[in-house]
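Student: When you get a sec, could you give me coordinates for this:
(one chain, ligands or ions: 1)
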Amino acid sequence: MPPSTRIGFGWDSHEFRPNIPLKIGGLRLAHNKGLGGHSDGDVLLHAITDAVLGAIGAPDIGTLFPPSDPKWKGADSVVFLNEALKRMRAAGYNISNLDSSLIMLAPKIGPHANAIRAHLSRLLVIPADCIGLKAKTPEGIGTDNAAIANVVVLLAKAPAKRESFNLTVPDKPVPPPRKSPAKKK
Ligand SMILES: [Zn+2]
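Tutor: Now for the predicted structure:
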């Protein structure tokens, strides 16, 4: 029997480059630099995608969407996330909750955290209070020109589908309710 819960972990980093748009968690943030990469460089969506794929034992994001394939150049990372969610649902799981840490010197994520959580809530179809998002600065690790994302996700077995219940219902007519015996006087 498949386990009732599964845990997944995702990590990603991208380098800042001038004059490209910055996307974090599917949201465009105003900044003078964006994240380089073969896709739109959305470091948080990539780490979430890998966490979900890892939880179900699926191949990672780089295997499913190879950077060498020109098809994924400039791709919207929501495409990667949706593929991971599709595989997760096919495996019979839903997301229980997700926690993340973003590490970057600039821009400050704190003022955008609730907007990012609300957007992730729509993408992942889970309540915003099941999404943790913590913003850190890279003190002393020499990664001032990079953005790093760490994500853990907990999956829970989805309730059985109604169709499978119907298969087990006997096709006998339901007997009429028995009349309750007359009350003794
Ligand atoms: Zn990435």
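
Student: pLDDT value on Pro2, please?
Tutor: Looking at Pro2, its pLDDT is 84.

Student: Just the CA atoms of the strand ranked longest in the chain, as CSV, please.
Tutor: In the chain, ranked by residue count with DSSP state E as the criterion, the top strand is strand 5-18. This file holds the C-alpha atoms of strand 5-18, laid out as CSV (Å, rounded to 0.1, in the frame of the first residue of the first chain):
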residue,chain,number,x,y,z
THR,A,5,2.2,10.9,3.5
ARG,A,6,5.3,11.7,1.6
ILE,A,7,7.9,14.5,2.1
GLY,A,8,9.8,16.3,-0.7
PHE,A,9,12.8,18.7,-0.7
GLY,A,10,13.8,21.1,-3.4
TRP,A,11,16.8,23.5,-3.8
ASP,A,12,17.7,25.9,-6.6
SER,A,13,19.9,28.9,-7.3
HIS,A,14,20.2,31.4,-10.1
GLU,A,15,22.5,34.3,-10.8
PHE,A,16,21.2,37.9,-11.2
ARG,A,17,21.7,39.5,-14.5
PRO,A,18,21.0,43.1,-15.5
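
Student: So is it next to the ion?
Tutor: Yes. Against the ion, strand 5-18 shows contacts by CB under 5 Å from the ion at Asp12. Just so you know, the C-beta spots here come from the backbone N, C-alpha and C atoms, and that holds for glycine as well.

Student: Equivalent analysis for stretch 21-33, please.
Tutor: No. Counting by CB under 5 Å from the ion, the ion is not contacted by stretch 21-33; separation bottoms out at 11.0 Å.

Student: in that stretch, what's buried?
Tutor: Applying a neighbour-count criterion of 16 or more other CB atoms under 10 Å, one finds 22-27, 29, 33 buried in stretch 21-33.

Student: And the furthest pair within those?
Tutor: By the measure CB to CB, Gly26 and Lys33 form the most distant pair in the buried residues of stretch 21-33, at 18.3 Å.

Student: Lys33 versus the residue in the chain that the ion sits nearest to, what's the distance?
Tutor: Using CB to the ion, the single residue of the chain nearest to the ion is His46, 3.4 Å away. Using CB to CB, to the nearest Å, one gets 18 Å for the distance from His46 to Lys33.

Student: Mind listing what's buried along stretch 122-134?
Tutor: Under the neighbour-count criterion of 16+ other CB under 10 Å, stretch 122-134 has 123-124, 126, 130-131, 133 buried.

Student: typo on my end, stretch 79-95
Tutor: 80-81, 83-85, 87-88, 91, 93, 95.

Student: Can you flag which of the residues you listed belong to helices?
Tutor: With helices taken from DSSP state H, the overlap with those comprises 80-81, 83-85, 87-88.
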